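> Next one to model:
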Amino acid sequence: MQPVKTWSTPVAEEEGQIVPCALCGGSRFKPALFCEGFSYVRCVRCGLVQINPQPLAANVQRRYRELFGEDYLAYELKNEAAFLALQKLALADAGFFQIEKELLEAKTEAPRALDAGCATGAMLAFLRERGWQVTGVEISPSAEYGRGRQGLDIRDTPLEECRFPDESFDLAIASHLVEHLNNPGAFLGEIWRILRPGARLLLITPNIDGFQARLFGSRWRSAIFDHLYLFSARTAKAMLKKAGFSVEGVYTWGGLAAGTAPLPIKQFADKAAKALGLGDVMLVKARKI
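Numbering: from 1, shown residues only. You can find the predicted model right below:
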């Protein structure tokens, strides 16, 4: 049985343009994944996998703002508790709670956290309860929901348009966002600008070098129309270093999707993938230097 793919906006014919590789600027690509109605290519020079020709940024944003934003909100609400639980486990793997303890003890005021692509604001609410000052960025209708339900500070424009002051935040989280962006390098550069020296970025994204991706290929659940880029640990680390970050660690999880194998096999695959760094999703912990 193959896994059900991650939720995505429907495949559609949109205006697109050939773009250079977002990591190395290269212009030579080879076929990578052939999916239903779209495909990915791999940069010959650095190996970054991306959709190319790429849809225009205005059309990508329109999907979430106008066309399918309410569908996305329903999906997020249905899975909110499960997603938050997974994020907490990932934070623990990355040593977040020790980082938090040190910050709370050292600062005279509450440390500031940014969640870019915060969806319904569940992570923001969790951090606020733990003593953080929190700000979110979310362009879909989930932003309005989060503000209304939680009274949270959630901006509904892309991060680069928020114009936060330099060195505003002690922590940034970007969970399942960077793969959706037309210009992930510019996004990471903006994160670097608004983090204080020594502050961390916790970047969560699907892992194209993981066991599931290798097993299922174009049927991999994260090979979807909305994922403009598919990162490996190597290409994610290279992009972070290019933006000025020092990478402190990579943590992966997820061996087989639920329903694709009997439970004992899934449990074994999950443990093995985690131990070998071949999990379906990865968290890259980086520090501003």
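
> Can you list the strands that the host helix or strand of Leu283 pairs with?
If you go by DSSP states H and E, Leu283 is part of strand 281-288. According to DSSP bridges, strand 281-288 forms sheet pairs with strand 195-206 (antiparallel), strand 245-253 (antiparallel).

> tell me which residues in the shortest one are buried?
This means strand 245-253. 245, 247, 250-253 (16 or more other CB atoms under 10 Å). Every C-beta, even on glycine, is put in place using the N, C-alpha and C of the backbone.

> And for the nearest residue to Ala143 once chain neighbours are set aside, the neighbour number?
Closest residue in space to Ala143, ignoring its immediate chain neighbours: Asp156 at 4.2 Å, by CB to CB, 6 or more residues apart in numbering. Asp156: 17 surrounding residues under other CB atoms under 10 Å.

> so how far is Ile139 from Asp156?
Distance of Asp156 to Ile139, given as CB to CB, to the nearest Å: 6 Å.

> With Thr108 instead?
Thr108 is 34 Å from Ile139, by CB to CB.

> circling back: TSV please, covering the buried residues of strand 245-253 and showing pLDDT.
Output for the buried residues of strand 245-253, formatted as TSV (pLDDT from 0 to 100):
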residue	pLDDT
Phe245	98
Val247	98
Val250	98
Tyr251	97
Thr252	98
Trp253	97
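
> Go through those residues and say which is closest to Cys162.
Phe245 (19.6 Å; CB to CB).

> On the pLDDT front, check the residue nearest to the closest one when sequence neighbours are not counted for me.
Spatial nearest neighbour of Phe245, chain neighbours left out: Ala286 (3.8 Å); criterion: CB to CB, 6+ apart. At Ala286, the predicted lDDT confidence score is 98.

> OK, contacts around Ala286?
With contacts taken as CB atoms under 8 Å, 6 or more residues apart in numbering, Ala286 has the following neighbours: 200-201, 203, 240, 245-248.

> out of these, what pair is the most spread apart?
Among these, Leu203 and Ser246 lie farthest apart (CB to CB), at 13.1 Å.

> Quick check: the gap between the closest residue to Arg130 other than its chain neighbours and Asp270.
Spatial nearest neighbour of Arg130, excluding adjacent residues (CB to CB, 6+ apart): Glu100 at 6.8 Å. Per CB to CB, Glu100 is found 26 Å from Asp270.
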